[in-house]
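Participant: output the structure for:
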Amino acid sequence: MDEILSMVKKHEQWRGHECINLIPSENVMSPQARALMSSDLAHRYTSTYKFYMGTRFTDEIEDYGEELAKKLFNAETADLRPLSGHIADLIFLATFAKRRDTVVCVSEPDGGYPGMWQTALPKLLRYKVVRFPFSTEERNINVEAAKDIIQQIKPGVIVFGASLILFPHPVHELTKVAHEVGTHVGFDGSHVLGLIAGKTFQDPLREGANALFGSTHKSFFGPQGGIFLAAKEYGEKVKKRIFPMYVDNAHWNRIAALTLALAEMTKFGEQYAMQVVMNAQALAKALSDYGFPVVCPSLGFTKSHQVFLDYGANKIGKSVAKKLERANIIADCSVRLGTCEATRRGMKEEDMQQIAALMKRVVVDEEKPEKVKKDATKFAAEFQKVHYCFE
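Facilitator: Numbering: from 1, shown residues only. Coordinates of the predicted model:
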């Protein structure tokens with residue numbers, strides 16, 4: 001017993017109190033939402049067919065959460081049961097594409113989600129995958145070339161969204177031609193869901209997408225899990241299939257925490273999302289000024305929560321990430337940087353300048369990471385309160 005408690009305590013002290021977290025696929029929940037994760041709901045079941053008794057309040061929580069989600073995203077239907085963004089992707093593909101259909105999405109080499117690419121869900125479901133034509137200079141889909149592909153191959157579904165997403169995808173520009181050839185359009189908003197909710201990035205459902213889905217713990221500051229939002233025709237079809245095909249026990253403590261996060265986002269989302277993007281742009285500019293290889297300077301670097309340092313080779317990126325980790329600055333090995341958790345901890349543009357300066361000392365000046373670690377830890381200690389939530 002002591003061993004596991006000790007390991008968790010060490011993790012919480014290090015990652016929660018001593019590190020600057022710049023991983024774009026992570027965020028931090030409010031204390032109230034975290035408390036709901038360990039509530040009595042963590043032990044309980046319910047079911048669509050009312051097999052279990054004692055679920056009165058569980059059902060109320062789910063209904064309330066769905067209503068909040070529909071209003072926040074201006075969606076006709078909402079479902080909080082998907083256990084992850086990956087499961088939400090699976091639900092969309094399996095519901096709206098037929099076996100042997102073609103799926104068009106952003107490729108993994110272009111920054112697309114690996115789970116949507118050739119060796120993952122499409123292989124499992126026996127779909128053919130075609131990449132969106134993509135501009136590496138603009139880090140976005142090539143609209144005219146994509147129109148040609150959609151008209152030529154008439155895919156079963158197209159899916160916007162990506163793991164590396166700096167700018168809004170051309171949903172409005174491509175959905176008309178997609179619908180003309182009978183293609184279903186989805187948007188995997190896993191990374192940018194909080195920015196969509198905060199009306200700061202784009203609005204896929206208003207731009208023509210039939211469904212918006214993804215994970216709820218990246219730019220959106222809920223628990224790890226998934227969500228599915230759609231027009232009525234699409235949402236009702238999904239609701240009939242989620243249980244028992246894709247989800248059995250949907251983890252009601254997670255749904256309660258997600259419901260509270262939806263309420264927080266309804267109240268504070270626009271202010272939060274705007275600050276996330278301003279922080280990302282400030283961090284990108286500061287890093288670029290220090291000589292880091294930040295992409296898309298002519299486009300303002302980013303309009304999302306992400307900043308991308310293009311080192312051209314994964315080994316170099318991994319080496320950079322390892323050095324930063326030794327200084328208690330946490331990034332991934334690509335190197336994508338994200339400002340969602342930093343923003344929720346109360347950081348502003350001037351704080352991004354300080355983070356960039358710490359990174360410069362490690363990567364550009366080649367100062368010993370252990371020396372920079374002391375200053376990074378001191379800096380992180382100043383931002384322990386979670387913002388954009390109810391007191």
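Participant: hmm, what's the outermost residue in this structure?
Facilitator: residue 53 (35.0 Å; CA atoms, centre = their mean).
Participant: per-residue pLDDT, it?
Facilitator: Looking at residue 53, its pLDDT is 89.
Participant: same question for residue 117.
Facilitator: Turning to residue 117, the model gives it a pLDDT of 96.
Participant: got the buried residues for stretch 140-160?
Facilitator: Judged by neighbour count (16 or more other CB atoms under 10 Å), stretch 140-160 contains these buried residues: 140-141, 143, 146-147, 149-150, 155-160. Glycine gets a C-beta too; all of them are placed from N, C-alpha and C.
Participant: cool, and stretch 281-295?
Facilitator: Of the residues in stretch 281-295, those buried (16+ other CB under 10 Å) are 281, 282, 283, 284, 285, 286, 287, 288, 290, 292, 294, 295.
Participant: give me the residues contacting that stretch.
Facilitator: Outside stretch 281-295, the residues that touch it by CB atoms under 8 Å, 6 or more residues apart in numbering are 139, 166, 297, 300-302, 307-312, 337, 339, 349, 352-353, 355-357, 359-360, 363-364.
Participant: domain map for this protein?
Facilitator: 32-262, 269-381 (automatic domain parsing).
Participant: can you list the buried residues of stretch 140-160 in TSV and add secondary structure?
Facilitator: TSV is the format used below for the buried residues of stretch 140-160 (DSSP: H, G, I helix; E, B strand; the rest coil):
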residue	secondary structure
140	strand
141	strand
143	helix
146	helix
147	helix
149	helix
150	helix
155	coil
156	coil
157	strand
158	strand
159	strand
160	strand
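Participant: between these, which is nearest residue 324?
Facilitator: For these, the residue nearest residue 324 by CB to CB is residue 140; the value is 27.2 Å.
Participant: wait, the closest one touches residue 169, no?
Facilitator: Yes: counting by CB atoms under 8 Å, residue 140 does reach residue 169; the two are 6.8 Å apart.
Participant: so for the helix or strand residue 234 falls within, what gets flagged as buried?
Facilitator: Assigned by DSSP states H and E, residue 234 belongs to helix 232-241. Buried residues in helix 232-241, defined by neighbour count with 16+ other CB under 10 Å: 234, 235, 238, 239.
Participant: so which bits of the longest helix along the chain are buried?
Facilitator: Longest helix of the chain, by residue count under DSSP state H: helix 252-289. Going by neighbour count (16+ other CB under 10 Å), the buried part of helix 252-289 is 252-265, 268-269, 272-273, 275-288.
Participant: how far does stretch 247-257 stretch from one end to the other?
Facilitator: Start-to-end span of stretch 247-257 (CA to CA, to the nearest Å) is 18 Å.
Participant: make that stretch 42-50, sorry
Facilitator: 18 Å.
Participant: give me the contacts around it.
Facilitator: 52, 54, 55, 58, 59, 62, 243, 244, 249, 251, 252, 253.
Participant: want to throw those into JSON lines with distance to residue 321 and secondary structure?
Facilitator: Output for the contacts of stretch 42-50, formatted as JSON lines (distance: CB to CB, whole Å; DSSP: H, G, I helix; E, B strand; the rest coil):
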{"residue": "52", "distance to residue 321": "45", "secondary structure": "coil"}
{"residue": "54", "distance to residue 321": "47", "secondary structure": "coil"}
{"residue": "55", "distance to residue 321": "45", "secondary structure": "coil"}
{"residue": "58", "distance to residue 321": "41", "secondary structure": "helix"}
{"residue": "59", "distance to residue 321": "44", "secondary structure": "helix"}
{"residue": "62", "distance to residue 321": "39", "secondary structure": "helix"}
{"residue": "243", "distance to residue 321": "40", "secondary structure": "helix"}
{"residue": "244", "distance to residue 321": "41", "secondary structure": "helix"}
{"residue": "249", "distance to residue 321": "36", "secondary structure": "coil"}
{"residue": "251", "distance to residue 321": "31", "secondary structure": "coil"}
{"residue": "252", "distance to residue 321": "36", "secondary structure": "helix"}
{"residue": "253", "distance to residue 321": "32", "secondary structure": "helix"}
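Participant: most neighbours, which of those?
Facilitator: Tallying neighbours with other CB atoms under 10 Å puts residue 252 at the head of these, with 25 neighbours.
Participant: for that residue, which non-adjacent residue is closest in space?
Facilitator: Spatially, and ignoring its direct neighbours in sequence, residue 252 is nearest to residue 41 (4.3 Å; CB to CB, 6 or more residues apart in numbering).
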